[in-house]
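# Next one to model:
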Amino acid sequence: MAQDLALNTDHDIDFDGDDFVLVAGPDQAAQSILIRLWAYLGEWFLDTSLGTPHYQQILGNPFRPNNQAAIYRRRILGTNGVRSIENFSFARVGRDLEVNAIARLDDGSSVPINITV
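This is a model prediction of the structure:
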């Protein structure tokens, strides 16, 4: 089973004393989805093609919910271990965009995804 370093609520590596905290299973899949959604296109210097095009196609552009929601849906579905999206909502709330989904994983479990940009 795949494991990853766990991230805390500040999106930093989580520690338990001097030890790294690991995450596996559905929690690891949910964390992978969130990392894909949080990452900005061009942000990672080793591969500037990775990331969500927040600045290029979403933020600061005319609100086109169908087009912009499709970007987030593709990012979720493109995550390793994700089979499908059961529920999906995308809305503008004030100056923020809220994405809420339930992702069905390859192992049959599902995980909630909630992100505000």
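# average pLDDT for stretch 9-18?
Mean pLDDT, stretch 9-18: 86.
# Span of it from start to end?
18 Å (CA to CA, to the nearest Å).
# Stretch 104-117 now?
23 Å.
# quick one: that stretch to chain centroid distance?
The chain centroid and the centroid of stretch 104-117 are separated by 9 Å, computed with CA atoms, centre = their mean, to the nearest Å.
# contacts for that stretch?
Contacts made with stretch 104-117 from outside it, assessed by CB atoms under 8 Å, 6 or more residues apart in numbering, are listed as 25-27, 29-30, 33-34, 37-38, 54, 58-59, 76, 81-86, 93, 96-103. For every residue, glycine as well, the C-beta is placed using N, CA and C.
# Tell me the buried residues within those residues.
Neighbour counting over the contacts of stretch 104-117 (16 or more other CB atoms under 10 Å) leaves 26, 29-30, 33-34, 37, 54, 58, 76, 81-82, 85, 97, 99, 101, 103 as the buried ones.
# what's the most distant pair in the residues you listed?
26 and 58 (27.0 Å; CB to CB).
# Scan the protein for its longest strand.
strand 82-93 (DSSP state E).
# And the average pLDDT for the helix or strand following that strand is what?
Counting by DSSP states H and E, the next helix or strand C-terminal to strand 82-93 is strand 96-105. The average pLDDT within strand 96-105 is 94.
# which residue is nearest the middle of the protein?
residue 34 (2.4 Å; CA atoms, centre = their mean).
# And that residue, what's its pLDDT?
91.
# Report the inter-axis angle for the host helix or strand of it versus strand 96-105.
In this structure, residue 34 sits in helix 25-38 according to DSSP H and E. Note on geometry: by axes from the mean of the first three to the mean of the last three CA atoms, to 10 degrees, helix 25-38 and strand 96-105 are set 140 degrees apart in direction.
# so what does helix 25-38 touch, helix or strand wise?
Contact here means 3 or more CB pairs under 8 Å, 6 or more residues apart in numbering; DSSP states H and E; on that basis helix 25-38 packs against strand 3-5, helix 65-77, strand 96-105, strand 110-116.
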